[in-house]
Every structure is written in C-alpha cells, then in structure tokens.
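In: Prediction below, plus the sequence it came from.
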Amino acid sequence: MKNFVVVGASLAGLRAVEAARKDGFDGRITLIGGEEHLPYDRPPLSKQFLYEDDELDTTFRSRSYLRDDLGVDLRLGTWARGLDIREKRVELDTGEIGYDALVVATGSRARTLSDNDHLDGVHTLRTVDDARAVRAALASAVHVVVVGAGFIGAEIASAARRRGLDVTIVEAAPVPLVRALGDEMGEACSALHVRNGVRLICGAHVQEIEGTRRVEAVRLGDGTRLPADLVVVGIGADPATAWLESSGIAVERGLTCDATLATSAEGVYGAGDIVSWHNRTFGQSMRLENWTSAAEQGRMAARNALGLGEPTAYATVPYYWTHWYGMSLQFVGLPTAEETQVVSGSVDSDKWVTLYRLNDRLVGALAVNSPSVIMKCRMMINNGVSWQEGLDFMAERRRASSGV
C-alpha cells in the first residue's frame, strides 16, 4: 500500500486521512474535494450560523495542518468524474490519479423541487456557500416559506423566527418527521412550530414556485398561495453516486458496502452519507446521514482499506440531534416501533423522554431537553436490553430525582 486516495473532503474524508496517519500509514495520501473549502463542520450551518451576529468559522483543520503535519496532498476544487476499478484509477476533471486503497466519502446532494428552483430567493442548504446565501437572504426577508418539515427545515424555521420573520412550513406528509421519529413523536414535536408562531401546513404539495426573476409566492396543490420573498427547500438529500454509475461498482440506495464498509470493488471502501451498509446491531442495511456515523465510518474505512489491523465490522446505534426554538432534541436507535411510551415529563411541556419498543426489545429513545439520559439509552440499545429493562431504568431515574 503506497497510494491512499480519499474522494470527498468531508468529515468522513477528513477522519479517514487522520486515522491513516495515526495508525502508522506512511505512504502518499491524497484528499480530493469538489468544493474550494477546507473540510468543515456541517451541523452548525442550519443552526447558529444563520442567526449569530458574527459568522462562525466551521473549518475543522487548517491547510498547514493537513499539508505539513499529516502530509496530505490536498486537491480542493477538484471533482471526481469517474472510477476505473480494474486499473484502480479515479478520473478527475483535472486528469486522473491511481490508488492502492480508496475511500469514497462524497456524501449527499440536496434534493431540489422544480424547474423554478433557479429563481432568486429560492435556496437549498447543504454547503457553507448555501448557508451564507440563506443567511444573507434572511437579513432582508419578510415572508419565509420552508418546504419540508424535517430537521433541516425545522432548524431554518427556527432561525427565521429568531429574526422575527413570518414563517410557513409546507410538509408533504400528513405528519412531519415520521421516518425520523415515528407518528406519535412526529406529531408531538411538530407542535413546537405552532407554539413558536410558525404556520405548519401538512399533507400539501408545492404546485409551483411563482416569480419571473425573483420568487414571489409558493402555490400549493389546493390553490393556496403563500407570499414569499425567501423559499428554502429542505426535502432531503440523495447519495452522490452519479460519478460512479459507469464504474461497475455496486450502487443501490447509496454506495453498497458490507459490514466492514468494503464495496464490491477491490480496495474500495465507503464512509459517510453515501454508504448503504449492513449494520449488525440491528441486522439490516442502513444509510445514515449524521455526524457521529460519518466520523466513525471514516476512521474505520481507512483502517480496513489499508489493512491496519484485522478487518473490523462497523456496527452502531444511530444518533441524531437538533435544536429548534431553544429546544434540544436528541434521538438514538430506530423509530420503527410497535409501541412508544413517554417515560419522563410530558409532550405538552418543554421536557420529556420517550422510549420505543419493537418486539420485546428497547430500540429507540427520544430526549427533549433531557441530554443526561440519551447516551445511557444508546448504550442499553447497543447491548440489546429488553423493553422492561428500559422501563425499569427510567423508573429508577424518576425515583432518584424525586428523592423517594
């Protein structure tokens, strides 16, 4: 192993090159990124980046650290256009590069809505450049329409309300966040929007974004017309696999990987949002779009790709967190459940904990403004505890807190 190439200057890509050096790889490392920016942190972009007075610097590492301390050949502003798995070469818009081991960490691309997404005032939020554009637009906007009531949409609505703007969220599903939190908790969390002065329209689809050069309104399928001088589309993201389509590598709902993050091609591993892999913790294939998994997968993919120790399977309990309207929401595990039970607090308050049951197993937990409990729940889910053990744990916490 002499040439280690990482495509995607993301969190996963950064952790891959750091792990390679930390674990003793002394060959050539090349980190390729389509954006001009150094690897940066994405979660703040839809949160405090949008409303704090001074723009946050979300860069992870300096150029000198990557170049001089880690000895990385850093190629930013360079897009991967194809992959030759037989010759072990990555085709770039500036030429090509060979590899002995390759980690693909090209992440996801924000979904767009319609042909009118090009209008001034219509944005998605995925990159730091997107965040800067939305931040600038919020400074002069009056009527904001957010399409999509997922985590990103909720965070954008929250930032807009902090500025005192008129905000409407349009959500296609009857209940927001069903795939992330399930029906009952999706409904409970959606009430936070209404309590904070946001108009929430569910079960609606966008028929048209009106305007000539600049957005003027959003027209819904039932004819409702929502005036808007800023529209932010937050309807999810798709894995960035288009550049791999002619390579022959297996791609299905993401870059297909086994439990060790190995792809169908020799020497090629995946990490981050792009990866669909077998998660042994739950015995099913998953594609996760969260910070923790991206960081963990980047490190493990590098070690496995370079043969730095025995091949290790990546298994995890998913962990998501978000902030809206000054509220902290954390979720671990799976939202697919036969039963949910609020075991602390109340959904009508600003603080509660909900557990999720599948068969006789604790499989998920939602903590609203209850950060001290969530990592313990994650550990229990990872250990495969029973539903009753989860209930007993929360009951003991309630007794301890009440002094009984």
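Out: Received it, and whenever you're ready, just let me know what you need. Because the structure is predicted, anything quoted here is derived from the model rather than measured.
In: so the spatially most central residue of the chain is in which element?
Out: In the chain, the centroid-proximal residue (CA atoms, centre = their mean) is residue 289; its distance is 3.4 Å. Assigned by DSSP states H and E, residue 289 belongs to no helix or strand.
In: repeat for the one 3 residues further on
Out: Assigning secondary structure by DSSP H and E places residue 292 in helix 291-306.
In: Report all helices and strands that that helix contacts.
Out: On a contact count with 3 or more CB pairs under 8 Å, 6 or more residues apart in numbering; DSSP states H and E, helix 291-306 meets strand 3-7, helix 11-22, strand 101-104, strand 268-270. For glycine as for every other residue, the C-beta is placed from the backbone atoms N, C-alpha and C.
In: ok, now which ones touch residue 17?
Out: 4, 6, 29, 31, 66, 70, 72, 302 (CB atoms under 8 Å, 6 or more residues apart in numbering).
In: switch to 6 Å and redo it
Out: By CB atoms under 6 Å, 6 or more residues apart in numbering, residue 17 lies in contact with 6, 29, 31, 72.
In: That one and residue 60: what is the separation?
Out: Separation of residue 17 from residue 60 (CB to CB, to the nearest Å) stands at 11 Å.
In: and the residue lying closest to residue 124 once chain neighbours are set aside, what pLDDT?
Out: Counting by CB to CB, 6 or more residues apart in numbering, residue 110 is the residue found nearest to residue 124 once chain neighbours are left out, at 3.9 Å. Here the pLDDT value assigned to residue 110 is 94.
In: May I have the strands that pair with the helix or strand encompassing residue 90, each with its orientation?
Out: Taking DSSP H and E as the definition, residue 90 sits inside strand 89-92. Partners of strand 89-92 in the sheet, by DSSP bridges, are strand 80-84 (antiparallel), strand 95-98 (antiparallel).
In: now the helix holding residue 292: how far from the chain's centre is it?
Out: Distance of helix 291-306 from the chain centroid (CA atoms, centre = their mean, to the nearest Å) equals 16 Å.
In: Provide the strand pairings for the helix or strand just after it, with the direction of each partner.
Out: Using DSSP H and E, the helix or strand that follows helix 291-306 in sequence is strand 319-324. As defined by DSSP bridges, the strand partners of strand 319-324 come to strand 327-333 (antiparallel).
In: Buried residues, the next helix-or-strand element following the strand it pairs with. List them.
Out: Counting by DSSP H and E, the next helix or strand C-terminal to strand 327-333 is strand 339-346. The neighbour-count check on strand 339-346 (16 or more other CB atoms under 10 Å) flags 340, 342-345 as buried.
In: Noted, bye for now.
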